[in-house]
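S.K.: have a look at this prediction, sequence included:
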Amino acid sequence: MLNWLEKDLISLYKVSVNSLPAGYKTCIKKAIYLTQERKIQSQQSQGQTEKDSFRCELISFNEVLRLSRILAQKVKASGYMPDLIVAIGRGGYVPGRLVSDFLLFNDLTSMKIEHYSRAADMREEARIKFPIPVDITGKKILILDDVTDTGETLNLAVDYVLNLNPASVRTAVLQHKISSNFTPDFYAQKVLKWRWIIYPWARYEDLAGFAEKIIQNRTLDLSQIIAEFKHRYELDLKETELLKILSDLTERGELESTKQDNRKLWSIKK
Ligand SMILES: O=P(O)(O)OC[C@H]1O[C@H](OP(=O)(O)OP(=O)(O)O)[C@H](O)[C@@H]1O
């Protein structure tokens, strides 16, 4: 309903743009904004209810290497010569190091921003955990991260860096999701269809988080957990990898394992 209402209002606005008094046009414009706002809210709440199941993609180190090389080439081709690269930790650490390598560039530092806890669980807002440890006054800065999802991390990073009086700031990521409300100056790849991307440096952590979400308040065996990884996240996991994660989580006291009819079962430790 919101879609046709928005379309009708836009047509009405186009028709009336030259014929109606300014006050009426403002009213129609406001109605368009309100419809668009409601549309976003309803999409977001739909996203909330479907949060337990979404597509994931595992990225290999080779792919990271390829994307980092492309990103470095794009920065170089733009003619922007930074004085300092600031990697956003933790996801930007490895890309930051690789891109500076491909640029034959030495001055790499970092800051840590946290926006997610574990396995796609978003905190209320992104926050700076560790600030930039050096004076960047008058310097040309390149901020580097692995991915933009909502864009909150880079929004925060740029605001923070601008307050430190640099000469200029540019941003770069390996993968830029178009769902992001922040568009970086450079990206190696644009991600059109949203999916949760699992980089090799967060693979263990993400899979552990998803395993706990899958088990929740049930008691499941290995094949059931593997089947749910496929069903809920479109991930094909090997038994050996998942067994290692489950045994680590058990060792940490987050899961407990029991035996029933020769089947090993896992549940969340109460
Ligand atoms: O555009 P956004 O929605 O803000 O998401 C992107 C950010 O989220 C991830 O970091 P995370 O908060 O998971 O911290 P981590 O890098 O330490 O895992 C990722 O490395 C980006 O920095």
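M.R.: Nice, I can see it.

S.K.: nearest to the ligand within this protein, name that residue for me.
M.R.: In the chain, the residue that lies nearest the ligand is G91 (2.3 Å; CB to the nearest ligand atom). Bear in mind the C-beta positions are built from the backbone N, C-alpha and C, glycine included.

S.K.: domain ranges for the protein?
M.R.: 60-194, 201-268 (the TED database).

S.K.: before we move on, back to that, and the nearest residue to the residue of the chain closest to the ligand once chain neighbours are set aside, how many neighbours?
M.R.: The shortest distance from G91 to any non-neighbouring residue, by CB to CB, 6 or more residues apart in numbering, is to D146 (3.8 Å). Residues lying near D146 (other CB atoms under 10 Å) number 26.

S.K.: help me confirm that D146 is found in a strand?
M.R.: Yes. Under DSSP: H, G, I helix; E, B strand; the rest coil, D146 falls within a strand.

S.K.: any idea whether S267 is helix, strand or coil?
M.R.: Assigned state for S267: strand (three-state reduction, three-state DSSP).

S.K.: what residues does the protein have near the ligand?
M.R.: Those residues of the chain that sit near the ligand, judged by CB under 6 Å from any ligand atom, are 88, 90-91, 114-116, 126, 145-153, 180, 202.

S.K.: for the residues you listed, which PyMOL command selects only the ones that are buried?
M.R.: Those of the residues of the chain next to the ligand that count as buried under 16 or more other CB atoms under 10 Å are selected in PyMOL with:
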select buried, resi 88+90+91+115+116+126+145+146+147+148+149+150+151+152+153+180+202
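
S.K.: and D145, bridged to which residues?
M.R.: V173 (DSSP bridges).

S.K.: OK, contacts around it?
M.R.: Residues counted as contacts of D145 (CB atoms under 8 Å, 6 or more residues apart in numbering) are A87, I88, G91, G92, P95, T153, L154, A157, T171, A172, V173.

S.K.: do I226 as well
M.R.: For I226, counting by CB under 8 Å, 6+ apart, the contacting residues are L237, E239, L242.

S.K.: change it to 10 Å
M.R.: I226 is in contact with I214, L220, L235, D236, L237, K238, E239, E241, L242, counting by CB atoms under 10 Å, 6 or more residues apart in numbering.

S.K.: show me the shaky parts of the chain.
M.R.: 1-18, 20-23, 25-50 (pLDDT under 70).

S.K.: verify the stated contact: V94 with I88.
M.R.: No. In this structure, V94 is not within contact of I88 by CB atoms under 10 Å, at 11.5 Å.

S.K.: mutual contacts of those two, please.
M.R.: D146.

S.K.: just to revisit the earlier point, which stretch among the domains of the chain comes nearest D52?
M.R.: domain 201-268 (6.6 Å; CB to CB).

S.K.: what distance do you get for E57 to Y233?
M.R.: Applying CB to CB, to the nearest Å, the value for E57 to Y233 is 10 Å.

S.K.: what is in contact with the two at once?
M.R.: R195, W196, I198.

S.K.: can you tell me which of those residues lies closest to M81?
M.R.: I198 (33.1 Å).

S.K.: ok, the closest one - how many residues close by?
M.R.: I198: 21 neighbours (other CB under 10 Å).

S.K.: distance of it from L249?
M.R.: The value you get for I198 to L249, if CB to CB is used, is 17 Å.

S.K.: let me see the ranges of the strands in the stretch 1-150 of the chain.
M.R.: Secondary structure of the stretch 1-150 of the chain by DSSP state E, counting those that start in this stretch: the strands cover 56-58, 84-89, 108-116, 122-130, 140-148.
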